[in-house]
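Undergrad: Let's see this in three dimensions:
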Amino acid sequence: MKARAGVMLLTLAAVMAAAGCGATGGANNTAQNASAGGASGGQATAVTFPLTVTDQAGHKVTIAKKPERIASGTLGTDEILSGLVPKNDIVLVTQYATDPTQSNIVSFAQGIPAMKDANAEAIIAQHPDLVLLATYTKPGVVQQVEQAGIPTYEFADFTSIKTIEQNIEVVGELVGEPQKAQQMVQDLEQKLSAIEAAVKDKPHPTVLNYSSYGYVAGSGTTVNDVIVDAGGVNAAGNLQGWQQVTPEQVVKMNPDVIIVAADDTGFKDKLLHDPKYQTINAVKNHRVYEIPAADLTSVSQYVYKGVEDVAHVLYPDVKLPQ
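TA: As a prediction, the model looks like this:
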């Protein structure tokens, strides 16, 4: 999701390849139940080690003991880990973790070694006992780390808020903190429910998430869920995933509201002044808003902030829960 030119292209590629992280559980203990059932509301089962699971890439992963040196190769897992384990247990995060335009854990991540891109040498040098990567990580990196005998879990699915919740529970299993993970999910659901309750009787404007690269968020994206939970209707909901569209298609969609990432520099002004967009309701009514990218594109427990931000611009007169 990240600089914006180079970073956003990487983000869009990552999102369309199943960005962030995600998982389905596997063999022993309760990882399978967590990933399959998600936030069921039941009591989390304690984890015993060694723990063997099957990751989203279909690889068996065995974790010998409760991890104490965890390397994270996605911003999503950076943020999730921050709420589950002590800082000293995290030996590596992504460079985005300390970027205030992208991260919700800037202060927490200060002082933790960071890597620009996942690379095997940097990971192995930290002597981790658990590595969290994604299926879009270069295959050679994953293979090298696995060949070094380090348990490596590949995540793949962060396409909805429900999968975010499931992934939080899976990470909780992997690090031996299922109760904390379950509480994190419950807290997230309570925040989302409170926002939904505050706007449920309001009109539901059509909302388009649009970028200067021509991409819109369709159904099957976390941004779709952010829009819907905030009280809107996704103007691109008939499209699947992240799709690149023409200005003419955007005009035809005619959204009531357009939201753009705040670090997509200058794009809001372009939309408001470019002759091509002047017939769109959102432009005519000056309802084009910048949303912090760290919130809008979050694939962690902080996704509620994106819902909150969008609800604020949709319903500025509604008092949202704090």
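
Undergrad: Could I get the full set of strands for the protein?
TA: Assigned by DSSP state E, the strands in the chain fall at 51-54, 60-63, 70-72, 90-94, 114-115, 130-134, 152-155, 206-209, 215-217, 233-234, 242-244, 257-261, 288-291.

Undergrad: ok, which stretches of the stretch 201-322 of the chain are helices?
TA: All helices of the stretch 201-322 of the chain, identified by DSSP state H, counting those that start in this stretch, fall at 222-229, 247-253, 267-273, 281-284, 293-296, 304-314.

Undergrad: Check what contacts the fifth one and list those residues.
TA: Same thing as helix 293-296. The contact list for helix 293-296, computed with Cβ atoms under 8 Å, 6 or more residues apart in numbering, reads 1, 100-104, 209, 223, 226, 259, 261-264, 302-303, 305-306, 308-310. Heads up, the C-betas are built off the backbone N, CA and C, glycines and all.

Undergrad: Give me the buried subset of those.
TA: By neighbour count, with 16 or more other Cβ atoms under 10 Å, the contacts of helix 293-296 hold 1, 101-104, 209, 223, 226, 259, 261-264, 302-303, 305-306, 308-310 as buried.

Undergrad: State the pLDDT value of residue 147.
TA: The pLDDT attached to residue 147 in the predicted structure is 95.

Undergrad: how much space between it and residue 67?
TA: When distances are taken as Cβ to Cβ, to the nearest Å, residue 147 and residue 67 turn out to be 19 Å apart.

Undergrad: Could you do residue 302 as well?
TA: Relative to residue 67, and taking Cβ to Cβ, residue 302 is found at 22 Å.

Undergrad: before we move on, what about residue 74?
TA: With the distance defined as Cβ to Cβ, residue 74 ends up 16 Å from residue 67.

Undergrad: do residue 241 as well
TA: In this structure, residue 241 and residue 67 are 32 Å apart, going by Cβ to Cβ.

Undergrad: Between the two, tell me which one has more neighbours.
TA: Residue environment comparison for residue 241 versus residue 67 gives the larger neighbour count to residue 67, 25 against 17, counting by other Cβ atoms under 10 Å.

Undergrad: Surely residue 182 touches residue 169?
TA: Yes. Taking contact to mean Cβ atoms under 8 Å, the distance of 6.5 Å between residue 182 and residue 169 places them in contact.

Undergrad: and these two? which has more neighbours close in?
TA: Under the criterion of other Cβ under 10 Å, the comparison of residue 182 against residue 169 puts residue 169 first, with 28 against 22.

Undergrad: sorry, back to before: would you turn the helices of the stretch 201-322 of the chain into CSV with mean pLDDT and distance to residue 198?
TA: Supplementary listing: these in CSV, determined by pLDDT from 0 to 100; distance: least, Cβ to Cβ, whole Å:
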stretch, mean pLDDT, distance to residue 198
helix 222-229, 98, 11
helix 247-253, 98, 27
helix 267-273, 98, 26
helix 281-284, 98, 22
helix 293-296, 98, 17
helix 304-314, 98, 7
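
Undergrad: Let's have these in a markdown table, adding distance to residue 81.
TA: Written out in a markdown table, the entries for these read as follows (distance: least, Cβ to Cβ, whole Å):
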| stretch | distance to residue 81 |
| --- | --- |
| helix 222-229 | 19 |
| helix 247-253 | 37 |
| helix 267-273 | 32 |
| helix 281-284 | 37 |
| helix 293-296 | 16 |
| helix 304-314 | 18 |
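
Undergrad: of all those, which lies closest to residue 320?
TA: With distances scored as Cβ to Cβ, the stretch of these nearest to residue 320 is helix 304-314 (5.9 Å).

Undergrad: Distance from the chain centre to the closest one, please.
TA: Its chain's C-alpha centre lies 15 Å from the corresponding centre of helix 304-314 when counted by Cα atoms, centre = their mean, to the nearest Å.
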